[in-house]
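Student: Sharing a model prediction with you, sequence too.
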Amino acid sequence: MVELSKKISSVVGKTNAEYELIKEGDRVLVGFSGGKDSTTLIHALNHLKRVAPFDFEFKAVTITYGMGEQVQFLSQHCKEHGIEHEIVDTQIFELAGEKIRKNSSFCSFFSRMRRGYLYSTAQEQGFNKLALGHHLDDAMESFFMNFLYNGALRSMPPIYKAENGLKVIRPLIFCRERQLRAFAQKNEISVIGDEACPAMRFDIKMPHAREKTKELLAKMEEENPQMFISMKAAFNNIQTSTFFEKEYLDRD
Ligand SMILES: Nc1ncnc2c1ncn2[C@@H]1O[C@H](COP(=O)(O)OP(=O)(O)OP(=O)(O)O)[C@@H](O)[C@H]1O
């Protein structure tokens, strides 16, 4: 039995209720990379299944890239915890080939391709929701990266509907990354780190935007330990008429 902190289970339970992420009768496919985030996610959902006053089912799925990854131990881990698991083998790595050498946004290429396989697996097998392991630090990093490097005010919602009608949900969106790291450490679960990212196999300079944003946020949080509380509140307090977009201005 793994030990899930009260904090994580309560945050996940509240997020689920507030945003109606998982409801009675849902069939949820969970993207399980074997990293600390999605490992926490499968255990948080397993816990929710035991305590929630509604029934739902979920299955973990791991997409491989065709790089000879050894992920059988993930099936073993799921089996030990009574979680259904499937490995979907793909040739994403080979497909990437030339395309990636010419294109610097190779991380997003892998992520897009992986997302495609997650969507099609969900659709083929009749799942109506896809759960991903993004957390609050991811949402804030994504916000700042878009703000500082891409000229957009956008982040990661707890739930959205993909083009194919599948609902994508993020049950850990209000958990801090350090809580997820602590969960994996405390339970001595061996997790796959960033080195498993196929992009690491290419001899190209890694994009530094995420790394830099992480550092920036860490420095800012040192100065202002309440920062994430304020940022989370700000995401619920969007005053659209105070920006430059004409459509939202109060002019009449
Ligand atoms: N190979 C994979 N197979 C299935 N799902 C995946 C895979 N890689 C990522 N995902 C899903 O997409 C989410 C976001 O992926 P990303 O690579 O940004 O993860 P991460 O922040 O490193 O998280 P993790 O610690 O779970 O790997 C993961 O939390 C997981 O739910």
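Tutor: That came through fine.

Student: Close to the ligand: what parts of this structure are there?
Tutor: Neighbours of the ligand within the chain, by Cβ under 6 Å from any ligand atom: 31-33, 35-38, 61-63, 114, 132-134, 138. The way it works is simple: take the backbone N, C-alpha and C, and place the C-beta from them, glycine included.

Student: Break down the protein into its strands, ranges please.
Tutor: For the chain, the strands defined by DSSP state E cover 27-31, 57-64, 84-89, 129-131, 159-161, 167-169.

Student: Now do the buried residues in the fifth one.
Tutor: Neighbour counts over strand 159-161 (16 or more other Cβ atoms under 10 Å) mark Ile159 as buried.

Student: so where's the chain uncertain?
Tutor: Residues of the chain meeting the criterion pLDDT under 70: 98-105, 194-197, 199-207.

Student: so where do the helices sit in it?
Tutor: With helices called from DSSP state H, the chain shows them at 6-19, 36-51, 72-80, 92-102, 106-124, 136-149, 177-186, 209-223, 227-234.

Student: Comparing those, which comes out most buried?
Tutor: Most buried of these by mean neighbour count (mean count of other Cβ atoms under 10 Å) is helix 36-51; its value is a mean of 21.

Student: CA atoms only: put that one into CSV for me.
Tutor: The C-alpha atoms that make up helix 36-51 are tabulated as CSV, following Å, rounded to 0.1, in the frame of the first residue of the first chain:
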residue,chain,number,x,y,z
LYS,A,36,6.8,11.4,-10.4
ASP,A,37,3.8,13.4,-11.5
SER,A,38,1.8,10.7,-13.4
THR,A,39,2.9,8.1,-10.8
THR,A,40,1.3,10.3,-8.1
LEU,A,41,-1.7,10.7,-10.4
ILE,A,42,-2.4,7.0,-10.7
HIS,A,43,-2.2,6.5,-6.9
ALA,A,44,-4.3,9.6,-6.3
LEU,A,45,-7.0,8.2,-8.6
ASN,A,46,-6.8,4.8,-7.0
HIS,A,47,-7.4,6.5,-3.7
LEU,A,48,-10.3,8.5,-5.1
LYS,A,49,-11.9,5.4,-6.5
ARG,A,50,-11.9,3.9,-3.0
VAL,A,51,-13.3,6.9,-1.1
